[in-house]
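Asks: What would the 3D arrangement of this be:
(one chain, ligands or ions: 1)
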Amino acid sequence: MSSDSPDAMTNFDDSKAYAAQEEVFFDDGREIELLHFVYSRPNIDEIRGSPEKVLAAIDEYGRTRKYLMNVGEDKGRIVTDLIKEVKPKIMIELGGYVGYSAVLFGAAVRDAGGKTYYSLERNPEFAAVILSLVDLAGLSDVVKVVVGSSDQGIRRLAQQGLDKVDLMFIDHYKPAYLPDLKLCEELGIIQQGTVLAADNVIKPGNPPYLEYVRSPVEKKKQEFLASTSSSGLGTEDFDDRYSQQYEKTHGAERLDTMIKGDPRLVYSSELIKSFEPTGVPDGIEVTRCKGKEG
Ligand SMILES: C[S@@+](CC[C@H](N)C(=O)[O-])C[C@H]1O[C@@H](n2cnc3c(N)ncnc32)[C@H](O)[C@@H]1O
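Replies: Okay, here's the model as predicted:
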């Protein structure tokens, strides 16, 4: 057990730990290697149609081969508990990677009577891996993969008639959490009852996002009125390791820092501490929209 458990209620089981994160820890061929690994499991016929067994195969790769930047079992449980509580008809995730969260949460949404789990993923190669593993898990009717940058995907879904998101899992480019939340606010898809679950708010952390969802309406209104124009790139609060994380494949990031959101939305927010699949302490910020003031 880890001695520095961040939460007295939980401990990390070291026997389940993923391999440690390396200097280069994704987009180096391991995502395709994972597909070969999964499809060559001796029990592949039992894996077909079973989300649990697909997840077990992905976890086995992460433990015995190479690190994967999945939400993992421990933090995953926080979100599956939320799915049981909220029973979302529509759930969106920002950042799908190889489909671990799409399989875990897509199955939970289906089991809770929900309709669609949209997985928004910018990298088309990763999106292809998600599609393959979602199909293997028998979840193609529920999980829809939306390929492209999250802001474009969110706009497209809204244009196609999506009017409310019941639950949103935010787990993509760290500096994009806040602008994408504000975009959803402006499009009117965050409403009373919407729940947001934002990953990695301890490791690496996300001060601008946390400050916003924890701010009272009055403070957000003042900032809204003061920010007639925006300065900076929106990446100033993040370490280069994270603000430049996807530059190799996607080039320099361009965040829309002009998006102002809807400051009237009332949130109640709490941090739930847990662990990365490697055992490193991390947490998920769970934010509930209580309605609109003024
Ligand atoms: C931490 S991984 C997601 C892990 C996944 N949610 C899971 O737990 O299985 C982050 C993913 O976000 C994607 N991503 C990064 N920036 C994005 C953006 N602006 N729009 C859509 N996807 C993005 C990356 O390509 C990467 O696959």
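Asks: The ligand contacts on the protein?
Replies: Residues of the chain found near the ligand (Cβ under 6 Å from any ligand atom) are 69-71, 93, 95-97, 100-101, 120-123, 126, 149-150, 171-173, 176, 246. In this view, the C-beta of every residue, glycine as well, is placed from N, C-alpha and C.
Asks: which residue does the protein bring closest to the ligand?
Replies: The minimum distance from the chain to the ligand, using Cβ to the nearest ligand atom, falls at residue 95 (2.8 Å).
Asks: Thought residue 120 was touching that residue, still the case?
Replies: Yes. With contact defined as Cβ atoms under 8 Å, residue 95 counts as touching residue 120 (7.1 Å).
Asks: Dump stretch 73-82 to PDB, keeping only the CA atoms.
Replies: Backbone C-alpha positions of stretch 73-82 (Å, rounded to 0.1, in the frame of the first residue of the first chain) are rendered in PDB as follows:
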ATOM      1  CA  GLU A  73      -9.700   1.600 -12.200                       C
ATOM      2  CA  ASP A  74      -9.600   3.800  -9.100                       C
ATOM      3  CA  LYS A  75     -10.500   7.200 -10.600                       C
ATOM      4  CA  GLY A  76     -12.800   5.300 -13.000                       C
ATOM      5  CA  ARG A  77     -14.900   4.200 -10.100                       C
ATOM      6  CA  ILE A  78     -15.600   7.800  -9.100                       C
ATOM      7  CA  VAL A  79     -17.100   8.400 -12.500                       C
ATOM      8  CA  THR A  80     -19.000   5.100 -12.700                       C
ATOM      9  CA  ASP A  81     -20.600   5.900  -9.300                       C
ATOM     10  CA  LEU A  82     -21.600   9.200 -10.700                       C
END
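Asks: For stretch 130-141, which residues meet the burial criterion?
Replies: Within stretch 130-141, the residues scored as buried using 16 or more other Cβ atoms under 10 Å are 130-134, 136-139.
Asks: Now for those residues: which two are most distant?
Replies: 130 and 138 (14.3 Å; Cβ to Cβ).
Asks: Spatially nearest residue to the residue of the chain closest to the ligand, not counting backbone neighbours?
Replies: Closest residue in space to residue 95, ignoring its immediate chain neighbours: residue 172 at 3.1 Å, by Cβ to Cβ, 6 or more residues apart in numbering.
Asks: which stretches of the stretch 101-250 of the chain have low pLDDT?
Replies: Across the stretch 101-250 of the chain, the ranges flagged by pLDDT under 70 are 228-233.
Asks: what is in contact with residue 95 and residue 120 at once?
Replies: In terms of Cβ atoms under 8 Å, 6 or more residues apart in numbering, residue 95 and residue 120 are both contacted by the residues 150, 172.
Asks: Nearest residue to the middle of the protein?
Replies: The geometric centre of the chain, computed from its C-alpha atoms, lies nearest to residue 171 (Cα atoms, centre = their mean), at 2.6 Å.
Asks: from what I can see that one touches residue 95, true?
Replies: Yes. Under the criterion of Cβ under 8 Å, residue 171 makes contact with residue 95 at 4.3 Å.
Asks: quick one on the thing from earlier: tally of neighbours for the residue of the chain closest to the ligand?
Replies: Residues contacting residue 95 under the criterion other Cβ atoms under 10 Å number 24.
Asks: try residue 291
Replies: Residue 291 has 11 neighbours, counted by other Cβ under 10 Å.
Asks: Would you state the helices of the stretch 1-150 of the chain in chain order?
Replies: Assigned by DSSP state H, counting those that start in this stretch, the helices in the stretch 1-150 of the chain fall at 30-39, 44-47, 51-64, 72-86, 100-111, 124-136, 150-159.
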